[in-house]
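[1] Can you look at this prediction? I've put the sequence above it.
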There are 2 protein chains.
Amino acid sequence: MTEIGVELDCLEGVKIVDFTQFEAGPSCTESLAWLGAEVVKVENPTTGDPGRRLQPGKPDSDPWYFHQFNANKKSLTLNLKSPRGLEIVRELLKKADVTIENMAPGTIERLGLGYDEVKKINPGIIYCQVKGFGTGSPYETSLAFDMIAQAAGGTISVTGEGDRPPVKPGPSFGDTGTGMLMAISILGALYKRSKTGQGRRLQVAMQDAMIHYMRVPFSRTQQSGQAQLRNGSSRSSAALAPSALYPCKPGGPNDYVYIFTSRANADHWRRLAKAIGREDLIGDARYDTGPARGERAAEVDEIIATWTRQHTKEEAMTIIGAAGVPAGAVFDTLELMSDKSLAERGIMQTIQHPTTGAVKMPAWPVRFDGSPPRVKPSPLLGQHSAEVLSGWLGMGAPEIEALKLEGIVGK
Amino acid sequence: MTEIGVELDCLEGVKIVDFTQFEAGPSCTESLAWLGAEVVKVENPTTGDPGRRLQPGKPDSDPWYFHQFNANKKSLTLNLKSPRGLEIVRELLKKADVTIENMAPGTIERLGLGYDEVKKINPGIIYCQVKGFGTGSPYETSLAFDMIAQAAGGTISVTGEGDRPPVKPGPSFGDTGTGMLMAISILGALYKRSKTGQGRRLQVAMQDAMIHYMRVPFSRTQQSGQAQLRNGSSRSSAALAPSALYPCKPGGPNDYVYIFTSRANADHWRRLAKAIGREDLIGDARYDTGPARGERAAEVDEIIATWTRQHTKEEAMTIIGAAGVPAGAVFDTLELMSDKSLAERGIMQTIQHPTTGAVKMPAWPVRFDGSPPRVKPSPLLGQHSAEVLSGWLGMGAPEIEALKLEGIVGK
């Protein structure tokens, strides 16, 4: 197998002490690791990040979630409830450029690692927190996970069929969507700090982060004064017809193609009519403008569906797309995992993990000079303890061994 | 009204020539503008960014979409199809740190502003492209908008009710979700460049970007070998019961609360039982573990719903959240627009736009030393033409007037 992807050095030399868990925090630090930062996960010696889902005394039965969000990182195990463990982590924080946590409200402060404490020992640090709800919010002390952020941040309200209860968007936008906004903010702060040495306190709440992704629905409410409704997959206004999911053969649960005609480009409709063999509709006043089609949207949809039902979603996407009309087949996870182009282009990469074996997983999808960053396997619990304690703090092997015997560092 | 938010100078001095339109590109450059970069939108003098939705000869009837994605930017109008307009933009590119475009495939090259051309005149530039499909993909030359990326990138396949057709996640994750990944990559490249002067070519495809947000569904496919199914808003496995949307009074379309009990924390269930007055269930073997509850998930859901139906979503969120169990009311866009805490904390800010008037809109939700960046209104078409031509290129007023008379710069 040819190695795919490149080792990026954009953030070479940037040291991150990472207390994050699950996804919102880890997705953030993973993006920085892919850009070349040295990200050290500080984990408790027994089960580590709960995202590892390790069950004490049992083999690791579900490592896939953890692999996704912790590639290219290092793992250091430390018992932070021991005075010596705490002392060690404070020494690491003195050397760090960035630290970040997303524990339950109040936890990091109870560990003695709150902002005020850390700022005292390293005034130039970029200190970051991801919480469910913002400081000052009525829900400030409440817990949140992805779905809670998606409920309270509005994304659930606009998702689903119009005459049925709302549904949660399937992907964990509440987590990774938040992590990306924090990564941008950290990088902005780092850029400034590289010139001035200025430390920063950065905070993001998952509810607030969802609002950032809700701006199109908000723009509709700004115009209408009304709450934006959900309407399945279809156009947000009849004047956008056709713009919907259309059924394809052989009729399986994801055999659909999305076809969109933009109100900014009247050619889309004409190209579409031609592509589906309905040139007769071009120039027909009943169909030639968005508003006209909007008056007979159901009829227009049926004209399209009559054609799409005769084709697979891949055929429909290829033919309509080649005609210059936006079209997308609804691909499922298995189809994407098996997609040849995604693998060839390094958007999906296969890691060799010491206990899980080969795992094909998404890489950072942005290409730098033609290549995405290379994915390295997520660390075993405590895999880099000795390397980090030696590299960052200059500890020798006997000292590290003693820490392991005392249970301060994991074995 | 007290001014809320701070003027951030993280990216002070960073110059960006911005050819982006609609949302995927503009959301990226707006995040950089919020961090303090000087972002100059280069727009055609007649209607500008099609996201402005200006109709020639008509008053601006729908400016809200544009406001969302173009705050804190400058607008320069230039006719790029005139030799002099092209010459001017090439002079701007020589001074730029970053340039970015998300036009239809092949458009930027036809303008004479492809990567190879721009690299020749400014080898240190970070040259960025957002496309629908990746270079090398079978759909490389096809158009894409948000919904096309969400179809082809998998997010639609996992959204919706299990026994019904898929639905598109309501928010435009395909656009802004892509823009955020490009912003992170630009900032990584800028950090390196500030030390080495190294230029870069960055490319992201919207389909590929969606895959980044699909990693939890992929982790389930890695475990099962099967395509991940959609299942409404409910748990992804029965062992997570209770974890779903529950109905609240008075029964409106968004009167639901999401209640989640984590498999990583067995206390969630016990706290929840207590909060809803069902201490009797604590310790009952039929309910005390995730797997046990999973065997009677419908019964467990009904126990919760019996309680939630007696409360509004806000009450339910407050009571369950205060008990230490993750809970989120399904807020709609109007409720969020009217939310007092979001406004007080500067997550929603009100701009005063010269033609639209007061507009309340989401700000960048990450707080820097306690404050989010201040939102400034999106620019009028060509509002900063003279300022940019003078500031970047040293042009005098008579020269700029002449360019306007010739139709090279908009009036």
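    That came through, no problem.
[2] where's A:K94 relative to A:W392, distance?
    Using C-beta to C-beta, to the nearest Å, A:K94 is found at 9 Å from A:W392. (C-beta placed from N, C-alpha, C; glycine too.)
[3] More neighbours: which of the two?
    Ranked by neighbour count (other C-beta atoms under 10 Å in any protein chain shown), A:K94 and A:W392 place A:W392 first, with 19 against 14.
[4] and the host helix or strand of A:D301, average pLDDT?
    Following DSSP states H and E, one finds A:D301 within helix A:297-308. Here helix A:297-308 scores 95 as its mean pLDDT.
[5] Just the buried positions in that helix, please.
    Using 16 or more other C-beta atoms under 10 Å in any protein chain shown as the test for burial, helix A:297-308 gives A:A297, A:V300, A:D301, A:I303, A:I304, A:A305, A:W307, A:T308.
[6] Also stretch A:364-371?
    Quick answer for stretch A:364-371 (16+ other C-beta under 10 Å): A:W364, A:P365, A:V366, A:R367, A:F368.
[7] which SSE is A:G324 in?
    Per DSSP H and E, there is no helix or strand for A:G324.
[8] check which helix or strand covers the closest residue to it other than its chain neighbours.
    Excluding its sequence neighbours, the residue lying closest to A:G324 (C-beta to C-beta, 6 or more residues apart in numbering or on different chains) is A:R271, at 4.9 Å. Per DSSP H and E: A:R271 is located in helix A:267-275.
[9] and that helix, how far from the chain's centre?
    Offset of helix A:267-275 from its chain centre (C-alpha atoms, centre = their mean, to the nearest Å): 35 Å.
[10] which parts of that helix are buried?
    A:H268, A:W269, A:R270, A:R271, A:L272, A:A273, A:A275.
[11] what's the burial count for the closest residue to the last one other than its chain neighbours?
    The one in question is A:A275. The shortest distance from A:A275 to any non-neighbouring residue, by C-beta to C-beta, 6+ apart, is to A:A323 (3.7 Å). Close neighbours of A:A323, defined as other C-beta under 10 Å, add up to 18.
[12] ok, now which ones touch A:A323?
    A:R271, A:L272, A:K274, A:A275 (C-beta atoms under 8 Å, 6 or more residues apart in numbering or on different chains).
[13] on that earlier part again, out of the buried residues of helix A:297-308, which comes closest to B:P253?
    Comparing the buried residues of helix A:297-308 against B:P253 with C-beta to C-beta places A:A297 closest, at 21.7 Å.
[14] Using the record's assignment, carve chain A into domains.
    A:15-213+A:339-405, A:238-247+A:256-329 (automatic domain parsing).
[15] Now do the strand or helix carrying A:P398: everything it contacts.
    Per DSSP H and E, A:P398 falls inside helix A:397-405. For helix A:397-405, the external contacting residues (C-beta under 8 Å, 6+ apart) are A:R84, A:I88, A:S385, A:A386, A:L389, A:S390, A:V409, A:G410, A:K411.
[16] average pLDDT across it?
    The predicted model assigns helix A:397-405 a mean pLDDT of 98.
[17] burial measure for A:G407, as a count.
    For A:G407, the count of nearby residues is 14 (other C-beta under 10 Å).
[18] Could you do A:E335 as well?
    18.
[19] before we move on, what about A:G162?
    A:G162: 11 neighbours (other C-beta under 10 Å).
[20] Wasn't it part of a strand?
    No - with DSSP: H, G, I helix; E, B strand; the rest coil as the criterion, A:G162 is located in coil rather than a strand.
[21] Need the nearest residue in space to it, chain neighbours excluded.
    A:N231 (4.6 Å).
[22] would a markdown table of the contacts of A:A323 with pLDDT be doable?
    What follows is the contacts of A:A323, written out as a markdown table (pLDDT from 0 to 100):
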| residue | pLDDT |
| --- | --- |
| A:R271 | 96 |
| A:L272 | 97 |
| A:K274 | 97 |
| A:A275 | 97 |
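[23] Switch the residues you listed over to CSV; also include distance to A:E43.
    Shown next, in CSV, are these (distance: C-beta to C-beta, whole Å):
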residue, distance to A:E43
A:R271, 54
A:L272, 53
A:K274, 59
A:A275, 54
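[24] So which of the residues you listed is the closest to chain B?
    A:R271 (10.1 Å; C-beta to the nearest C-beta).
[25] What residues does the closest one make contact with?
    Contact partners of A:R271, counting by C-beta under 8 Å, 6+ apart, are A:A323, A:G324, A:V325.
[26] Just the element for the closest residue to A:G153 other than its chain neighbours, please.
    Sequence neighbours aside, A:M210 is the residue nearest to A:G153 in space, at 2.4 Å (criterion: C-beta to C-beta, 6+ apart). Assigned by DSSP H and E, A:M210 falls within helix A:206-212.
[27] Mind checking the pLDDT average for that helix?
    Helix A:206-212 shows an average pLDDT of 98 in the prediction.
[28] Pull the distance from it to the chain's centre.
    13 Å.
[29] got a list of what the closest residue to A:V375 other than its chain neighbours touches?
    Using C-beta to C-beta, 6+ apart and skipping the chain neighbours, the partner closest in space to A:V375 is A:Q349 (4.4 Å). Contacts here follow C-beta under 8 Å, 6+ apart; on that basis A:Q349 touches A:I4, A:G5, A:A343, A:K360, A:M361, A:P362, A:A363, A:P372, A:R374, A:V375.
[30] Count the neighbours of the third one for me.
    Just to be clear, that refers to A:A343. A:A343, neighbours per other C-beta under 10 Å, totals 15.
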